[in-house]
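In: Need the 3D shape of this:
(chains A, B, C, D, E and F)
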There are 4 protein chains.
Amino acid sequence: MGIPERKNRERNLRKQQIQNAAKELFINKGFHSTTMEEIAQRAELSPGTLYLYFQNKEELYASINLITLQGLFNEIEKIYSNKNLSVEKKIIKLKDGMYKVFKNDPLILRNILHVQLEDTLPALSKELLDELNKISQKSMAMIANVYEEGVRQGKFREGDGMAHADIIWSTFTGLVIWEESKRKINPKKDFLKSTLDRAFDIICQGIKK
Amino acid sequence: MGIPERKNRERNLRKQQIQNAAKELFINKGFHSTTMEEIAQRAELSPGTLYLYFQNKEELYASINLITLQGLFNEIEKIYSNKNLSVEKKIIKLKDGMYKVFKNDPLILRNILHVQLEDTLPALSKELLDELNKISQKSMAMIANVYEEGVRQGKFREGDGMAHADIIWSTFTGLVIWEESKRKINPKKDFLKSTLDRAFDIICQGIKK
Amino acid sequence: MGIPERKNRERNLRKQQIQNAAKELFINKGFHSTTMEEIAQRAELSPGTLYLYFQNKEELYASINLITLQGLFNEIEKIYSNKNLSVEKKIIKLKDGMYKVFKNDPLILRNILHVQLEDTLPALSKELLDELNKISQKSMAMIANVYEEGVRQGKFREGDGMAHADIIWSTFTGLVIWEESKRKINPKKDFLKSTLDRAFDIICQGIKK
Amino acid sequence: MGIPERKNRERNLRKQQIQNAAKELFINKGFHSTTMEEIAQRAELSPGTLYLYFQNKEELYASINLITLQGLFNEIEKIYSNKNLSVEKKIIKLKDGMYKVFKNDPLILRNILHVQLEDTLPALSKELLDELNKISQKSMAMIANVYEEGVRQGKFREGDGMAHADIIWSTFTGLVIWEESKRKINPKKDFLKSTLDRAFDIICQGIKK
DNA sequence: CATGAATGAGGATTCATTCAT
DNA sequence: CATGAATGAATCCTCATTCAT
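Out: Numbers count the residues shown, from 1 in each chain, chains lettered A, B, ... in the order given. Next comes the predicted model:
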């Protein structure tokens, strides 16, 4: 205990201070339209200081994603390994969990999709890219397991677990992107939650035996 | 018909020439990473000329999406106004129609998704923005109508038409990008058709009364 | 005649306009302390315009040196290929030729020396770097040949041609900058010509068999 | 002697520690490409500490030159005043002495020439500039005396001492710059010593009566 | 209409220097 | 004395847009 620890803690606090400022701006204005100057201003620091904590703009951007990505994985895993939940409940909970993560960091989905479309927009580091893929694969496998468990329990119609994981995941992402883009045109109306609920209600009905 | 008409026709051709060049670049490189210079080069025109047909970069970008949206929703309209189809069939047909369009021009969806995913574009002219909104709203309204017709016929569960249109549309788009991205990792396996069928089968089951 | 030719001519004029502005600044302030903004201002252009003619600052810098080297190369070649001159005369003439070039454009040597003295060789484009090296090597090779010819004719002492080319070249450049700097303290006295003559007289004596 | 002296001694040691670190970096990377941060790191100090010993970067740079400049002067003087050396030997020794100093601090020549070329790169203080000029003039005078001594002894051809000092000095500096710049392109080959020897061999032959 | 050279505002990044601890 | 985090001015370069031809 002592000075090194405190220093380290303070350093992490500063990083978070910057990440918080950056996150909000990236969400509202996008990667390109957000300037380092703006981030610095919002973080109440000078531009140069940002570079003491992050090598460049892209790394700062990437670091924000990494955090939320871990959050997404954790959320899914928590639900997946909850022994007290029925499979039907688990699917609903999965949706709620993903929604919670997304609400906290709307960037995450955008970035996952950018990676998928091999968009070179922000040149994410190979490290983060691998991390992204690894986590998303692990998450999909867990969702697939939930479905297969339901089939085994005679609750869900026969079907490939992976395919249904794709459906669950795609419905979620598709809705999020769509509602997000609608909110750009009419920022006041946010139907995401209710539409998501309805969609997963339909899915639950649809997959029941 | 006469000189004014010919002039107008020529003007539209030029616009298309520019839009085609821009479209490919925007799709491959994104909005910010594509320069007007590049677009001009690919269109075999000079940068200045672009501004004779489009007020600015953003307007050009928006106009492209207008085209894509129009093509897509023409397909929807065709199915919508087919009097011989039951509402259940219509939903299946909608999926097949959209699938056909995407199979025919896989770039279309990516382009639309790029709109949704791209950083914010502040300076769209009110005119174009309205046009974009009008078309997308009309199209979604058609899908909504199909659902509501189903409700009226006692076939579908009670529910907001618009919300279900969003669900149908989102499920479709979500699945397409997801499967497309998976095919990049394993190009030989194309599960899109079967997964789409399964997803809409689930939806149809799920919305049934 | 024709538009392309005129365009080309104008383009070259612009390049020269920029090079002239840059040359003077680079000479007076060095590479690092000269800003592109300053160059643009002196050339009565905007900063962006410079980049229409030169890829970056370093390329602009290199291009200036290319010009200077080329002038020098031409002079050396003229003497080298003159069949009527004995090797002794050629060495004297080389000195006179270099002196002439220098007198005609006193900036030349300073500029070349700046390349040599500049902190770090700027990351010149491979193209330009090759060109620079090629010319300087060809020039040195010609001087070396003159010496070796003298050796073959039994007039000069045995010795490596290249090493003697270095000596001849270095004596010249060394004297020019030295005398030039002395003239700054006492502008009226110009001993360069006579000191150069004496130096090459000594060299001629010294290399004689 | 006592505490103040020790303090002073320690202070000078710190200064040297910094100068040594800086010297190596300046030699290898040049003035502009060397950062204070790097110097601090190599000196195992913090950036701020550097400013306790030197007002700014340029003064640190200048202080290094002053040291070596004294070394150069001392070397020349030592040879000059050595009663046991013949004038011919003295000229050879002068070359060796200058070479030794240069090898120890390659910056020195670069800086002397920068001054001559009125390069404002590092804004050397007027103090150092005067010191530079004074020392170099004294050194030149000593070299001139050696030549004139040779003339008086009937060993060298008639001629102005100062002019021959210029020739000797210029040949040396010219060769050093030239070989240094060649070594930038091909760092492995270092012909300076042998070419210098040859050059002074030629000069000695050339000035002999 | 078309051109394309020129513009110049703006952004990421660097680094000498300072100052609170 | 020493530290090293923070500063912010300075610089290279880009690119959407304009305008004289």
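
In: Can you find the helix or strand of chain A with the lowest average pLDDT?
Out: None of the helices or strands of chain A scores lower by mean pLDDT, DSSP states H and E than helix A:107-116, at a mean of 65.

In: in whichever helix or strand comes after that helix, what's buried?
Out: Under the assignment DSSP states H and E, the closest C-terminal helix or strand after helix A:107-116 is helix A:126-152. Within helix A:126-152, the residues scored as buried using 16 or more other Cβ atoms under 10 Å in any protein chain shown are A:128, A:131-132, A:135-136, A:139-140, A:142-151. Glycine gets a C-beta too; all of them are placed from N, C-alpha and C.

In: most centrally placed residue in chain A?
Out: In chain A, the centroid-proximal residue (Cα atoms, centre = their mean) is A:Ile108; its distance is 3.9 Å.

In: In contact with it, which residues are there?
Out: Residues in contact with A:Ile108 (Cβ atoms under 8 Å, 6 or more residues apart in numbering or on different chains) are A:Asn65, A:Thr68, A:Leu69, A:Leu72, A:Val101, A:Phe102.

In: what sits against the second one?
Out: Okay, so that is A:Thr68. Neighbour list for A:Thr68: A:Val101, A:Asn104, A:Asp105, A:Leu107, A:Ile108 [criterion: Cβ under 8 Å, 6+ apart].

In: so does stretch A:159-174 get close to chain B?
Out: Yes: if you take Cβ under 8 Å from any Cβ of the partner chain as the test, stretch A:159-174 does meet chain B, through A:Gly159, A:Ala163, A:His164, A:Asp166, A:Ile167, A:Trp169, A:Ser170, A:Thr171, A:Phe172, A:Thr173, A:Gly174.

In: Setting aside sequence neighbours, what's the nearest residue to A:Leu72?
Out: Distances taken as Cβ to Cβ, 6 or more residues apart in numbering or on different chains place A:Val101 nearest to A:Leu72, at 4.6 Å, with adjacent residues excluded.

In: From what I see, that neighbour and A:Glu77 are in contact.
Out: No: the pair A:Val101 / A:Glu77 is not scored as a contact, 12.0 Å apart, by Cβ atoms under 8 Å.

In: Looking at these two, which is more packed in?
Out: Between A:Val101 and A:Glu77, counting by other Cβ atoms under 10 Å in any protein chain shown, A:Val101 is the more crowded of the two (21 against 14).

In: From chain D, how far off is the more buried one?
Out: Per Cβ to the nearest Cβ, to the nearest Å, A:Val101 is found 40 Å from chain D.

In: Show the secondary-structure elements that the strand or helix carrying that residue is packed against.
Out: Assigned by DSSP H and E, A:Val101 falls within helix A:87-104. Counting contacts by 3 or more Cβ pairs under 8 Å, 6 or more residues apart in numbering or on different chains; DSSP states H and E, helix A:87-104 packs against helix A:57-80, helix A:107-116, helix A:126-152, helix A:161-185, helix A:192-207.

In: what would these look like in TSV with distance to D:Ala43?
Out: Shown next, in TSV, are the helices and strands packed on helix A:87-104 (distance: least, Cβ to Cβ, whole Å):
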stretch	distance to D:Ala43
helix A:57-80	29
helix A:107-116	43
helix A:126-152	34
helix A:161-185	54
helix A:192-207	58
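
In: Between these, which one is closest to DNA strand F.
Out: Counting by Cβ to the nearest atom of the strand, DNA strand F lies closest to helix A:57-80 out of those; the figure is 13.8 Å.

In: what is the mean pLDDT for that closest one?
Out: Taken as a whole, helix A:57-80 has a mean pLDDT of 87.

In: and A:Gly161, how many neighbours?
Out: 19.

In: ok, it - contacts?
Out: Contacts of A:Gly161 (Cβ under 8 Å, 6+ apart): A:Ala144, A:Asn145, A:Tyr147, A:Glu148, A:Val151.

In: Next: A:Asp190.
Out: Counting by Cβ under 8 Å, 6+ apart, A:Asp190 touches A:Glu179, A:Arg183.

In: does it sit in a helix, a strand or a coil?
Out: Following DSSP: H, G, I helix; E, B strand; the rest coil, A:Asp190 is assigned to coil.

In: Need the phi and psi values for it.
Out: phi -130, psi 100 (degrees, to the nearest 10).

In: just A:Ser86 next, same as before
Out: phi -70, psi 160.

In: And the pLDDT at it?
Out: You'll see A:Ser86 listed with a pLDDT of 94.

In: what's the neighbour count on it?
Out: Residues near A:Ser86, counting by other Cβ under 10 Å: 13.

In: tell me the contacts of the closest residue to it other than its chain neighbours?
Out: Of all residues not flanking A:Ser86 in the chain, A:Lys155 sits nearest, at 8.0 Å (Cβ to Cβ, 6+ apart). For A:Lys155, the contact set (Cβ under 8 Å, 6+ apart) comprises A:Ser86, A:Val87, A:Glu88, A:Lys208, A:Lys209.

In: my guess is the third one meets A:Gly150, correct?
Out: Spelled out, that is A:Glu88. Yes: between A:Glu88 and A:Gly150 there is a contact under Cβ under 8 Å: 7.3 Å.
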